[in-house]
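S.K.: Test case, fold it:
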Amino acid sequence: MASAFGLTASAQRQLVVQAKKPGAVIQPTMYGIFFEDINFGADGGLYAEMVENRSFEFPDRLMGWNMFGNVQVSQVRPAFDRNPHYVVLGDSGHIEKRTGLENRGFFGMGLKKGLRYDFSVYARLHDAGSKPARIRVELVDSRNTIVGRERITIDSRDWKKYTASVTPSVTEQKGLMRIFLETAEGVDLDHVSLFPSDNWHGLRADLVKDLADLHPGIFRFPGGCIVEGTDLETRYQWKNSVGQVENRPLNENRWNYTFAHRMYPNYFQTYGLGFYEFFILSEEIGAEPLPVVSCGLACQFQNRTEDAHVAVDDLQPYIDDALDLIEFANGDVTTKWGKLRADMGHPQPFNLKQIGVGNEQWGELYPPRLEKFVKAIRAKYPNIKVCGTSGPSADGKDFDYGWQEMKRLKVDLVDEHYYKPPQWFFDNAARYDNYDRKGPKVFAGEYAAHGKGEYNNWEAALSEAAFMTGLERNADIVWQATYAPLFAHVEGWQWKPDLIWFDNLKSARSANWYVQMLYGTNKGTNVLKLTEDGKPVTGAGGLYASAVYDKDAKKCIVKLVNSADQPQKVSVTFKGVKALGAGKCILLKGDMGSQNLVGRPEQIAPVTTSIQADGNVLNTEVPARAFMVVSF
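M.R.: Okay, the predicted model is just below:
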């Protein structure tokens, strides 16, 4: 390619930045994150609960539990009407034979030496007139050694919450929890829970920090395909995910049997991480929330007949769910759903500005359903932006039809998805250069480069960095973009690549994470025109570039990507500026096949150095296969 453009490895590339002519505004939402409960991203992941099937509501009521002695499941006078099942621990009738339960959590329980773990359970005496009963809670390591224990006395005939704290004496990757009945008096137990004390609002603190450090501008939730569900019954219903945590009903996860290579029949959603928690998390990390609701279409990949979906004339309950969600987010405390938000602990509105309707829907089934949502939302909430979708593909007949219909319906944003090989990303840095500027804005809602083995190697990350120069250059039409998927447990993964990998104790930020972070922390406020010979720099000779101005920090930022296997000398002239002085250079590079792993998280990480300009000209060298961010 270099020779085709008359370039050589030693030739200096001459770039020009119009430094005093700020262009299109870059939206605060430009770079963000997308959460889907796949790869055990919620229960067993971001949601810090360590007990699997804590309320005994899995279809196999004791799935995830081992039993000892006299254990039964009951639903007589339950503690929670929407989670009615609980266990009864009774006398085993044998002096040496104990009655109890054992739970190994999600791929084992990660325990940290010296960290307090908070146990809680709803319990009551099983028999009226019983004397107080006692249970023993133990944390056990992988060698079957007890590393922490506490006792709880059950003293009430009515359901009551009991708590205890246990501090393990060792660090353990795959621990477990045991509960033993220590008395002849039996007890009923429900919602058995264990949280690390360093959790943040019920979420794993280290994973929250991984998100916060990206400085995301937008947070799309609760997912893609799980919004639709395997069928309508298992679609994500946000109203089931709010209110008292203990009474949020269980839902089957869309991904439990989907992937034949990685099936998890125990993959369910407890909704402990629900819409309230998503909004709280958005607020904490400074991201604008973007909730997505069902449009009445079940997953179109799995449901090919129209009778699997809601008829257009029967959509009102689904439309009401969308309107009620906006009220939950923004309504004052005198409204039904605004009051619930306040009762949950957040009287102030969440300042929701946009809502997604449907997930990568395609074909003629989608537009008439979306149209009814658009009319209803705009009639009641005219300031809320509506995000539609162009389907699961980056191009083709369905994609073109989707865009045509989104323009007709005048949605505010169109959600595009593309999972492609790295070469596609290298080749498509100019994708948005000629998009229609009069239609809806673009939301690149799901994208990732799938390299060899579909791991998060540097080739994939570098191709995304190159592609994102095109997102940035076209910020007048591209308003937001989110890599997908977000999380993956190293033992519970179903799909790869993923932005953040984790095990029971720690996480690893992928090379792709660092690319996203560098864009998110250097996004600027306005596009600056950057050219070579009067044209955008979109991959000729392996070089990609974009530039922005940050009016708050009063600095120019240039992003340079070199995909070639040789370094490239680059001269950047900042037109309109007399002298730049000293600046900062952040370099990210690696071998194309290298990747960050849990246990080896820093194989690829940015290196920051100072850089000096000569007047208004920066002369530098971009290493082979590298991503560089310079600012003055």
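S.K.: and stretch 56-66, how far out from the chain's middle?
M.R.: Remark: stretch 56-66 is offset 27 Å from the chain centroid, using Cα atoms, centre = their mean, to the nearest Å.
S.K.: now do stretch 357-367
M.R.: 22 Å.
S.K.: Straight-line length of that stretch, end to end?
M.R.: End-to-end distance of stretch 357-367 (Cα to Cα, to the nearest Å): 11 Å.
S.K.: cool, stretch 429-444 as well?
M.R.: Across stretch 429-444, first to last residue, Cα to Cα, it's 13 Å.
S.K.: That stretch: which residues count as buried?
M.R.: 429-432, 439-444 (16 or more other Cβ atoms under 10 Å). C-beta: built from backbone N, CA, C; applies to glycine.
S.K.: which intervals of the chain have sub-threshold pLDDT?
M.R.: Applying pLDDT under 70 to the chain flags residues 1-10, 454.
S.K.: For it, which segments count as helices?
M.R.: Ranges of helices in the chain, per DSSP state H, are 205-212, 225-228, 275-285, 316-330, 336-343, 366-380, 397-409, 422-427, 458-473, 511-520.
S.K.: if I look at Met628, how far off is Met263?
M.R.: The gap separating Met628 from Met263 is 43 Å, by Cβ to Cβ, to the nearest Å.
S.K.: Next, count neighbours for the closest residue to Arg408 other than its chain neighbours.
M.R.: Spatial nearest neighbour of Arg408, excluding adjacent residues (Cβ to Cβ, 6 or more residues apart in numbering): Pro367 at 7.5 Å. Pro367 has 18 neighbours, counted by other Cβ atoms under 10 Å.
S.K.: Other residues contacting stretch 310-317?
M.R.: Stretch 310-317 has contacts (Cβ atoms under 8 Å, 6 or more residues apart in numbering) with 232, 295-297, 318, 368-369, 372-373.
S.K.: could you flag which of the residues you listed are buried?
M.R.: Using 16+ other Cβ under 10 Å, the buried ones in those are 232, 295-297, 318, 369, 372-373.
S.K.: now these as JSON lines including distance to Ala11?
M.R.: Converted to JSON lines, these look like this (distance: Cβ to Cβ, whole Å):
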{"residue": "Leu232", "distance to Ala11": "60"}
{"residue": "Cys295", "distance to Ala11": "53"}
{"residue": "Gly296", "distance to Ala11": "57"}
{"residue": "Leu297", "distance to Ala11": "53"}
{"residue": "Tyr318", "distance to Ala11": "59"}
{"residue": "Arg369", "distance to Ala11": "55"}
{"residue": "Lys372", "distance to Ala11": "58"}
{"residue": "Phe373", "distance to Ala11": "54"}
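S.K.: nearest to Leu214, of those residues?
M.R.: Closest approach to Leu214 among those (Cβ to Cβ): Cys295, at 28.8 Å.
S.K.: Could you pull up the contacting residues of that closest one?
M.R.: 315, 318, 357-358, 361, 366, 369-370, 373.
S.K.: Also Gly23?
M.R.: Contact partners of Gly23, counting by Cβ under 8 Å, 6+ apart, are 476, 526-529.
S.K.: Output those residues as CSV; include the columns neighbour count and distance to Gly243.
M.R.: Shown next, in CSV, are the contacts of Gly23 (neighbours: other Cβ atoms under 10 Å; distance: Cβ to Cβ, whole Å):
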residue, neighbour count, distance to Gly243
Asp476, 16, 42
Asn526, 16, 43
Val527, 22, 44
Leu528, 25, 48
Lys529, 17, 51
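S.K.: from those, which is closest to Phe632?
M.R.: For the contacts of Gly23, the nearest to Phe632 is Leu528 (11.8 Å; Cβ to Cβ).
S.K.: Identify all residues paired with the closest one through a beta bridge.
M.R.: Taking DSSP bridges as the rule, Leu528 bridges to Ala547.
S.K.: what's the distance between it and Ser610?
M.R.: 22 Å.
S.K.: Over to Trp238?
M.R.: 49 Å.
S.K.: Can you pick out the residue with more neighbours from these two?
M.R.: Comparing Trp238 with Ser610 by other Cβ under 10 Å, the one with more neighbours is Trp238, at 23 against 8.
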